[in-house]
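**Student:** A predicted structure for the sequence below; I have some questions about it.
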Amino acid sequence: MTQKTVQDVLDQVDASMDTILSRLCDLIRIPSISTDPAHAADCARAAQWLVDDLAAMGFEASSRETPGHPIVVAHDTAATTGPHVLFYGHYDVQPPDPLDLWDSPPFEPRIVQGANGRRQIVARGASDDKGQLMTFLEACRAWKQVTGSLPIAVTILLEGEEEVGSRNLPEFLTRNAPELSHDIALVCDTDLWDDETPAVTTSVRGLVSEEIEITCADRDLHSGMYGNVVRNPFHVLTRALADLHDEDGRITLEGFYDGVAPLPPEVRREWDRLPFDAGHFLGQFGLSISAGEQGYSLLEQIWARPSFEVHGIKGGYSEPGFKTVLPSRASAKVSFRLVGKQDPETIRAAFRAYIRARVPTDCTVTFINHGVGYPASLPIDGELLQRARAALSAEWGRPAAISGTGGSIPVISSFRTLLGMDSLMIGFARFDNRIHSPNEKYDLDSLYHGIRSWVRILGAYASQTDA
C-alpha cells in the first residue's frame, strides 16, 4: 500500500466532510432507544438504515433477527492481503430523559460552538455510539470511493442492545462463530487519552454484579421494645461488607488474588509516561487521599488491580421524618472488578460463601446474579497493535497512548471466550462528551480525525510500511 494511495483516501475524506456529517445526522435522528419497547420499530429502522448504507458501499449486508433487536452483519472480503478484521459498534442509544435538561430536542442534531472553541454535534447518540461507529464506516467508504475496494478484508458487526447489556449477543456470537471469528476485533467505543492524544486501550476489567438480601425477624418491629434482643439485618450486612477490605485496602476474600499478576514492566513504562496528575484527579472530586490498595499508583489501582464496591443499601425507613423501626430486611447491590485471570464465577461463589458464613443461623440470605464479564488484556508488543499505534500517531501528530480502562466492556470478553479473538479498542470520544446525559455531544474534530485514523490503520494493515 503506497503512501500516495493513503493520502488520496485522506484527501477524499477532507472533501466529503459535509456529506459525512449529513449522513451521521440522518442516523442520529432515528430514536433507537433499546430499553423502551415503544422504540422497537425505531431500532429496526436504524438497523435497516445501516444495512442500506453498507450495501450501497458494496458490502454484503443484512439485518439478522434476534429475540430482541436486530444485529447488522456486513462483509467485504475481496482483499487477499493483510488481516481479516471484525469491526464492532452499536446503534442503540440510551433514553434521553430528563428532557427538560436538554437545550434542544435530543434527536434533532445541531451543530454548536463548544466552550472549548470546537464545533460539536449535540444529540443523543452523537458520541455513544453512532458518531464513533460512523468513523469506521466513513473510512471504508473513502477507500472504496478512491480505489474501488478495501485494502483488507472487513466484517462489520453492529448490535442494537449494548445499552441493555447485550443480552442476545453471546448466543448470536456462538451460533455464528465461523462467520465472525477473524484475526482481530476493532472496537470504537472508547476515548482519547486527552483532548489531543489518541489512545489504544489494551485492557478492560471483568465484572461480578450481585445483589444480596438478609432477613432476620419475620416483620418490622419497634426498636424500643425489641432492640438489642432481635437481630438487626443492617448490622449483619454492613459488618460483612466493611470487613471485605482490610486497613490497607486489600480485599479479604480467601483466594481473591489468585490469577492477579504483577503489571508487566513494559506496560508500567508506558503508563508512567502518561501525563497524569493524581492530585488533580482526586481534587476534582474534593478529595486528596486515595482509598485504594496501598503500594500502587492511582492508574494501576483503576486499570490493573481488582476492586470491590457497594452501590446501594436499602431497608427500614429512609423517608422524611423519623421512624424508630427495627427492619426485618436489609439489602445491598455490590460489584467486583476483576483483572488478569480472575474467574467471575469463582469470585461470586467465594463472595456468597463469605456472606453465608457471617449470617446468624436464625437469619437467611438470598442472592440475585446481575451478570458477569471476564477481564481481558492484549500484549502491547503485538504487530497489529503497533501498526495501529503508528497510524494514530501519524494522524494526531503526537505519540498515541497505551492505556487501560477501569470499566468493563462485556463484548471484549465475549470476543475472547466465544470467538477466540483479541480486541483493539480505539475510540475518539472525549471525557466531557456527556454520554448517557442531557446534551450529549461529539466534537467534529473527533469525527474528522477518527475517520482519517481508520483510513491510516486500514492502510497500515495492508502494508509492511507505516501509513
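**Tutor:** Structure's in. What do you need? Numbers count the residues shown, from 1 in each chain.

**Student:** most remote residue from the protein's center?
**Tutor:** Most distant from the centre of the chain: residue 225, at 50.3 Å, with distances by C-alpha atoms, centre = their mean.

**Student:** checking that one next. Helix, strand or coil?
**Tutor:** What DSSP: H, G, I helix; E, B strand; the rest coil gives for residue 225 is helix.

**Student:** so it versus residue 325, what's the distance?
**Tutor:** Using C-beta to C-beta, to the nearest Å, residue 225 is found at 11 Å from residue 325. For every residue, glycine as well, the C-beta is placed using N, CA and C.

**Student:** ok, residue 377 next?
**Tutor:** 48 Å.

**Student:** of these two, who's got more company?
**Tutor:** The neighbour count for residue 377 versus residue 325, taken as other C-beta atoms under 10 Å, is higher for residue 377 (21 against 13).

**Student:** pretty sure the more buried one contacts residue 202?
**Tutor:** Yes: using C-beta atoms under 8 Å, residue 377 is in contact with residue 202, at 6.1 Å.

**Student:** which residues are common contacts for the two?
**Tutor:** Shared contacts of residue 377 and residue 202, defined by C-beta atoms under 8 Å, 6 or more residues apart in numbering, comprise residue 404.

**Student:** excluding its backbone neighbours, what's nearest the residue positioned nearest the centre of the chain?
**Tutor:** Among the residues of the chain, residue 409 comes closest to the average C-alpha position under C-alpha atoms, centre = their mean, at 4.2 Å. Leaving aside its sequence neighbours, residue 409 sits nearest to residue 204 (C-beta to C-beta, 6 or more residues apart in numbering; 4.9 Å).

**Student:** next, find the distance separating the residue lying closest to residue 109 once chain neighbours are set aside from residue 427.
**Tutor:** Take residue 109 and drop its neighbours on the chain: the residue closest to it by C-beta to C-beta, 6+ apart is residue 123, 3.8 Å away. Counting by C-beta to C-beta, the gap from residue 123 to residue 427 is 18 Å.

**Student:** neighbour-wise, which of those two wins?
**Tutor:** residue 123 (28 against 24).

**Student:** I figured the more buried one hits residue 103, correct?
**Tutor:** No: look at residue 123 against residue 103 with C-beta under 8 Å: they stay out of range, at 10.9 Å.

**Student:** do you know how far the residue nearest to the centre of the chain is from residue 321?
**Tutor:** 43 Å.

**Student:** try residue 379
**Tutor:** Going from residue 379 to residue 321 by C-beta to C-beta gives 58 Å.

**Student:** neighbour-wise, which of those two wins?
**Tutor:** Remark: of residue 379 and residue 321, residue 379 carries more neighbours, 11 against 5, as counted by other C-beta under 10 Å.

**Student:** give me the pLDDT for that one.
**Tutor:** We have a pLDDT of 89 for residue 379.

**Student:** pretty sure it belongs to a strand, no?
**Tutor:** No: looking at residue 379 with three-state DSSP, it is coil, so not inside a strand.
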